[in-house]
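Novice: here's my sequence, what's the structure:
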Amino acid sequence: MKTSAALLAAASVLALAGTASAQAQPSDPVGKGTLIVTARMTGVLPQADDAIVDAAGAASGLNADVSDDWMPTLGFTYFVSDHWAVEAILGATQHEVKAKGAGMDVAVHETWVLPPIVTAQYRPTPNNRVSPYVGAGVSYMAFFDGKDKNGFTVDIDDGFGVALQAGADINLSGPWTLNVDAKKVWFDTDASINGGALKSSVSLDPWVVSVGVGRKF
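Specialist: Next comes the predicted model:
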């Protein structure tokens, strides 16, 4: 369900981008030196479903599950040329980690994640009414303010991932834009439960989908 929802969101972004009018021009054009600050509502949708094993590597019959979360974020897009831009997003989301298996569905940990993502974007028609873009970059997943649950102790490693991106800015009147955006992040981490008695190599691989309003400077 998570993957289907994320793919639908990404497809909607690309479909919207495909409606661009080649002639429509915004009242405030963008180009080299333009900064767009975008306030977004962002969903981080992990795809984790990895096996939990014991210290010897034997299957425990359990799998790691990580919940989705939606939070406000800020995006900063700076045009280094008329068609190339660099974007950074800032925000934090909160996720619950569960151990799931036959007859078991128990929360073991809750954690905040700071997932800054920096991408380089190509924008072929930045001053069309609808301006699509694609991008690629890196992410760093930092876990903080974790709370263990139900007698478990959990440690999750921070680390880097890679990201691909597709989105579009709809240029409204004056300096305002409406933004839709979808990113796919590939990120693996190691989780240790109860001091290593149980462990899991988790492929979080989240979809990061957003909608928001931006202002050009």
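
Novice: next, give phi and psi for residue 204.
Specialist: Per-residue torsions, residue 204: phi -70, psi -50 (degrees, to the nearest 10).

Novice: please report how far it lies from residue 53.
Specialist: In this structure, residue 204 and residue 53 are 18 Å apart, going by Cβ to Cβ, to the nearest Å. For every residue, glycine as well, the C-beta is placed using N, CA and C.

Novice: more neighbours: which of these two?
Specialist: It is residue 204, of residue 204 and residue 53, that has more neighbours when counted by other Cβ atoms under 10 Å, with 24 against 16.

Novice: looks like the more buried one contacts residue 45 (just checking).
Specialist: No. Contact status for residue 204 versus residue 45: not in contact, 9.9 Å apart, counting by Cβ atoms under 8 Å.

Novice: please name every helix or strand in contact with the strand or helix carrying residue 177.
Specialist: Element membership of residue 177 [criterion: DSSP states H and E] is strand 176-186. Contact analysis of strand 176-186 by 3 or more Cβ pairs under 8 Å, 6 or more residues apart in numbering; DSSP states H and E lists helix 2-17, strand 35-45, strand 117-122, strand 159-171, strand 207-216 as its packing neighbours.

Novice: alpha carbons only: can I get the shortest one in CSV?
Specialist: Taking only C-alpha atoms (Å, rounded to 0.1, in the frame of the first residue of the first chain), the coordinates of strand 117-122 have been written out as CSV:
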residue,chain,number,x,y,z
ILE,A,117,18.2,15.9,1.3
VAL,A,118,20.3,17.9,-1.2
THR,A,119,19.7,17.5,-4.9
ALA,A,120,20.9,19.0,-8.2
GLN,A,121,17.9,19.8,-10.4
TYR,A,122,17.5,20.3,-14.2
